[in-house]
Each structure stands twice: as C-alpha cells, then as structure tokens.
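Enquirer: Below is the sequence, then the predicted model.
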Amino acid sequence: MPALSETHLGARQYDLAATLDSGQSFRWQPDGNGWQGVIGSQWVWLQADAHGLSARTWPPVRHWAWLTHYLQVDLDLDRVLASFPAADPHLSAALSACRGLRLLRQNPWECLASFILSSTKQIVQIRQIVDLLCRQFGDPLPHHPGVPPAWAFPRPESIAARSEADLRACKMGFRAPALLAAARRVVNRTLVLDELAGWPTDAARQRLMELPGVGEKIANCVLLFAYGAQDAFPVDVWVLKALRELYFAGRQVDRSTLDSFTRSHFGPHAGYAQQYLFHYMRVHLRRRVRATPHAL
C-alpha cells in the first residue's frame, strides 16, 4: 500500500491549536502532538513546529496548493495586525494572547451547512452533529491501516435527497429543515455558491440571508471563513459580550451602534479582529464576563 503523503509548509506566526479550535471549522480533533481532520476528500494530520507546519495526508497527493490555501499560510499576518488600531488595549491583549491565530479558507457548502447546524450550540456539540452527519451521509475515504476511518463532508446532493427525519437522526433538531432547504437550493441552483465569491459583501450577505435559518451572524461567518471577506464581522454571544463589556462599559447599546463601531474602529480586516476577540473572550476571559447572555 502507498505511504502517506508528507510535506512541510513554512509559516511564521502560525498558532495551529488556536486556529483549528477557534470555532471556524468543526472537523478538527487533537491527536497526540498534532491535529487530525478532513479537508475535502483528504484525511489530514497537522503538527506545528518552530518553522511552520508538518502535514500528512491520505489518499496520496503530489501537489499541496489546496492545503496552503485552506490554512492561509501565505498570508502576511504582520500586515493584517498592523492595520488594527494601535491604541486599543483590549484588542492588543487579544493579539498578545492569541498571536498566530489565522482565518481558514473553507469550502463554501461545508461552511454554510456547518454554521446552519451551529445555531444555539456550543462548539463541542456542533462537532458531534457534524461528525454524525458525515458518518451517515458522507462518502467514506479510502482505507489506510495507519489512518482512522474518515468521511468527506456530505455533498449537497446527498443531503437534498434525504428526509427531514433522516437529518434529525443526526441530532440536529430544529436545524434539519434549514439544512435541507439550503441543500435543495444549492442542488437546483437557486443559490449558486461559487458566484458569491465575486459579489460585494453586503449583496452576498443578503443573498445568504434569503435561506431559512440563516441570519446575519451565520451569513457573516460564511463570508469570512469561506470567501475571505474580511469586512464581514460575525457577532455571536461571545463577541457581543466582548464589544459591550470592553468597549461600552457593559451598556446595552443597540446592534446598529455596534455595527457602526466595528466598521469604523477595526478597519479593513475587521473580520480578523473579530476572531481574535472571540477566541480571547471564549478561552482567556470567560470567567470575567457577565454570566447573563445577551440575545443576538
């Protein structure tokens, strides 16, 4: 049997754990001193070192552009961080605590479906639902004795052919009709995900929000994590807490005020700032924020 394909990707300032565990993607699990997951039809194992990232993948590959694109290793992170307001002590603390966190560039369908399933769920629960969905309806990847069983993310055609009851069996509850509707619109090309890559962010957001179960937060997640629209600024409970607690002294400011603030304060890479604040609040400051959640 052929050996696993291996490569090393040079990358400065790449915090692999923060990147894969910051709520962007839900298919990565710690595995020894690395992380394992699935990208497209490839099982992937990743490990960080002082000079970048080591990768193993199965089935064998000759070219690695798909992996460098997904991991965004070629991004000039220093340029992104330099665009943030220097006099912001809260963002500076987040950058210091989470330095090396990157935004991934995911497949639009997988990203959309995953975030539809994320509604009102914690990250560990989303991972469980996504795993069940892949095991049930995803194509199994070729076997290798050194690789655990793995499945590709289900194609929209596979989801569209199922019943709502089939999907609910994957423990997604009320999210099943929304996932089914999205898959069927993609299959019948009422929604052409590839076309959105060339759209202005506001127009693409509105198009995604035509889907049942897709509000502004989910649409912004898809735009940021699948299309690289760095002016998209997802606001969930943790980010809402960060904005209100850190920038407005806990006052109950309305969403329009928050939206105006994020656009003007964080600059052209506001989406990157959001991810740093999200991970910082969730991992480093969760004991200090107020216990009462705010409705989105």
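Expert: Right, received. Where do you want to start? Residues are numbered from 1 along each chain as shown.
Enquirer: how many other residues sit next to Arg255?
Expert: Neighbour count of Arg255, defined by other C-beta atoms under 10 Å: 12. For glycine as for every other residue, the C-beta is placed from the backbone atoms N, C-alpha and C.
Enquirer: swap in Asp194?
Expert: Neighbours around Asp194, by other C-beta under 10 Å: 8.
Enquirer: what does the one 10 residues further on give?
Expert: Look at Ala204: counted by other C-beta under 10 Å, it has 22 neighbours.
Enquirer: With His269 instead?
Expert: His269, neighbours per other C-beta under 10 Å, totals 17.
Enquirer: so it, which of the three states?
Expert: Three-state assignment for His269 (DSSP: H, G, I helix; E, B strand; the rest coil): helix.
Enquirer: Quick check, it in contact with Phe84.
Expert: Yes: in this structure His269 lies within contact range of Phe84 using C-beta atoms under 8 Å: 7.2 Å.
Enquirer: same for the lengthiest helix in the chain, what does it pack against?
Expert: Using DSSP state H to define each element, the chain has its longest helix at helix 123-137. Counting contacts by 3 or more C-beta pairs under 8 Å, 6 or more residues apart in numbering; DSSP states H and E, helix 123-137 packs against helix 108-116, helix 164-168.
Enquirer: highest average neighbour count across those?
Expert: Highest mean neighbour count of the helices and strands packed on helix 123-137: helix 108-116, a mean of 24 (counted as mean count of other C-beta atoms under 10 Å).
Enquirer: Tell me the helices and strands packed up against that one.
Expert: Using 3+ C-beta pairs under 8 Å, 6+ apart: helix 108-116 touches helix 123-137, helix 156-160, helix 176-187, helix 216-225.
Enquirer: the strands in the protein, which residues?
Expert: Assigned by DSSP state E, the chain shows strands spanning 5-10, 29-31, 34-39, 42-49, 52-58.
Enquirer: For those strands, give me CSV that also has distance to Asp78.
Expert: Listed next are these as CSV, based on distance: least, C-beta to C-beta, whole Å:
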stretch, distance to Asp78
strand 5-10, 15
strand 29-31, 28
strand 34-39, 24
strand 42-49, 18
strand 52-58, 16
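Enquirer: Among these, single out whichever gets nearest to Ile123.
Expert: When the strands of the chain are ranked by proximity to Ile123, the top entry is strand 29-31, at 11.8 Å, counting by C-beta to C-beta.
Enquirer: elements contacting the closest one?
Expert: Using 3+ C-beta pairs under 8 Å, 6+ apart: strand 29-31 touches strand 34-39.
Enquirer: separation between Gly198 and Asp76?
Expert: In this view, Gly198 and Asp76 are 23 Å apart by C-beta to C-beta, to the nearest Å.
Enquirer: ends of stretch 182-191, how far apart?
Expert: With C-alpha to C-alpha, to the nearest Å applied, stretch 182-191 spans 8 Å between its terminal residues.
Enquirer: Make 35 the starting number, not 1.
Expert: Shifting the count to begin at 35 puts that one at stretch 216-225.
Enquirer: tell me the pLDDT at the closest residue to Lys205 other than its chain neighbours?
Expert: The shortest distance from Lys205 to any non-neighbouring residue, by C-beta to C-beta, 6 or more residues apart in numbering, is to Ile163 (5.6 Å). We note a pLDDT of 97 for Ile163 in this prediction.
Enquirer: Ile163 is in contact with Arg202, isn't it?
Expert: No: with contact defined as C-beta under 8 Å, Ile163 does not reach Arg202; the gap is 10.7 Å.
Enquirer: Show me which parts of stretch 271-285 are buried, residue by residue.
Expert: For stretch 271-285, the neighbour count (16 or more other C-beta atoms under 10 Å) marks Val271, Trp272, Val273, Leu274, Lys275, Ala276, Leu277, Arg278, Glu279, Leu280, Tyr281 as buried.
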